[in-house]
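>>> what would the 3D arrangement of this be:
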Amino acid sequence: MTTNAHPSTERLQQLNRMYRTISRCNRYMIRAEDEQTLAQDFCSVMVEEGRYRMAWVGYAESDEARSIRLIAYAGLENGYLENLNLTWADTDRGSGPGARCIREQTIQVTRDIANDPQFVFWREEAAKRGYASSIALPLKIGAGTIGFLGMYSERGDAFDEEEIGLLTEAADDLAYGITVLR
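Take a look at the predicted model:
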């Protein structure tokens, strides 16, 4: 049995897309005049260049409900975000990846949306839009997390360690850009 030690052509193309995605995001970052536009540009690049089905930025609100406010999105959304009713409070409705990302200040990867018990409230609507896996990356400013950058993929188990590393770099760049703009 022989094994191929070289990455596949498809994998190399995917990594090249990710490097182009980060490069393009950074170009938007240095030209941004406000954080709304910056977040929108990042989401658009993630969908257009990174080929994610949908990307969005949510901010953690300090209101009584600890709601998550939609800042920007791009891609196939079709009403998905307006019906999420998200909170980052430690409750059943706060069990999703975005809420855990904010609370725990950690990356949250959902490799199989259809079978992940923490996706129970959103699974049906995600399936209607072809979302098979997702990632939520914290937007850290100082010692806290102001929100997250989330992506949905039509591929199950779409986010490997190398891709997570590159997406973390993009989220850190977005957080830095927001800090500078503020």
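
>>> any chance you could list what contacts the lowest-mean-pLDDT helix or strand in the chain?
The helix or strand of the chain with the poorest confidence is helix 9-31; it has a mean of 74 (mean pLDDT, DSSP states H and E). Contacts with helix 9-31, where a contact means C-beta atoms under 8 Å, 6 or more residues apart in numbering, come from 7, 38, 41-42, 45-46, 49-51, 162-163, 166-167, 169-170, 173-174, 176-177. For glycine as for every other residue, the C-beta is placed from the backbone atoms N, C-alpha and C.

>>> buried subset of the residues you listed?
38, 41-42, 45-46, 49-51, 163, 166-167, 170, 173-174, 177 (16 or more other C-beta atoms under 10 Å).

>>> between those residues, which sits nearest Leu70?
In terms of C-beta to C-beta, no member of the buried ones among the contacts of helix 9-31 lies closer to Leu70 than Phe42, at 13.9 Å.

>>> surely that closest one touches Ala72?
Yes. Counting by C-beta atoms under 8 Å, Ala72 is a contact partner of Phe42 at 7.5 Å.
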